[in-house]
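Visitor: I would like the atomic coordinates for the input below:
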Amino acid sequence: PQATMAFTGKYEFEGDENYDAFVQKIGLPSDKVELGRNCKIVTEVVQNGNDFTWTQHFPGGRSTTNSFTVGKEADMETMGGKKFKATVKMEGGKLIADFPNYLHTAEISGGKLVEVSAQRSGVVHKKQRKSSK
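Guide: Prediction:
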């Protein structure tokens, strides 16, 4: 499936919600937590069809780049610096990346890049039938 949203652009950090709770749940080391809190990250996205280069520029000159093709496995790196393999999907105009202990989605909404990282709940849904006893 062809990626339909136009993600290409430079996006400046405006704010985050629930950051502390999220990074604690995924086990980010405290030094990385401090670096990321209200960090004025600039995210630069270059999209060519289904091919993406996604770079996050951090204050002080450090940056992280993940390159991937929608629907194909790619080598990726978490915000904590861990390397892993993932397949980024496109669903309903959202990019969805399955990170080791959280799910990350990104979409363009009102000309802004909106990224959401959600920790895996670990909740198991069970179906049970009513006992006849």
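
Visitor: Could you give the bridge partners of the residue nearest the centre of the chain?
Guide: With distances taken as C-alpha atoms, centre = their mean, residue 104 lies nearest the centre of the chain, 3.2 Å away. When assigned by DSSP bridges, residue 104 has beta-bridge partners residue 97, residue 117.

Visitor: How many residues are close by the nearest residue to residue 95 once chain neighbours are set aside?
Guide: Nearest residue to residue 95, sequence neighbours excluded (C-beta to C-beta, 6 or more residues apart in numbering): residue 106, at 4.6 Å. Where C-beta positions appear, they are placed from N, C-alpha and C, glycine not excepted. By the criterion of other C-beta atoms under 10 Å, residue 106 has 21 neighbours.

Visitor: Next: the one 10 residues further on.
Guide: Using other C-beta under 10 Å, residue 116 has 15 other residues around it.

Visitor: Now do the contacts for it.
Guide: By C-beta atoms under 8 Å, 6 or more residues apart in numbering, residue 116 lies in contact with 104, 105, 106.

Visitor: distance of the second one from residue 91?
Guide: What that stands for is residue 105. For residue 105, the distance to residue 91 (C-beta to C-beta, to the nearest Å) stands at 9 Å.

Visitor: quick one, which of those two is more surrounded?
Guide: residue 105 (16 against 10).

Visitor: so the more buried one makes contact with residue 92?
Guide: No - between residue 105 and residue 92 there is no contact under C-beta atoms under 8 Å: 9.9 Å.

Visitor: Could you find the closest non-adjacent residue to residue 65?
Guide: Using C-beta to C-beta, 6+ apart, the nearest residue to residue 65 is residue 55, at 4.4 Å.

Visitor: Which strand or helix spans the one you found?
Guide: strand 51-57 (DSSP states H and E).

Visitor: Compute the inter-axis angle for the helix or strand following that strand and strand 51-57.
Guide: Sequence order places strand 63-69 as the next helix or strand after strand 51-57, per DSSP H and E. Counting by axes from the mean of the first three to the mean of the last three C-alpha atoms, to 10 degrees, strand 63-69 lies at 170 degrees to strand 51-57.
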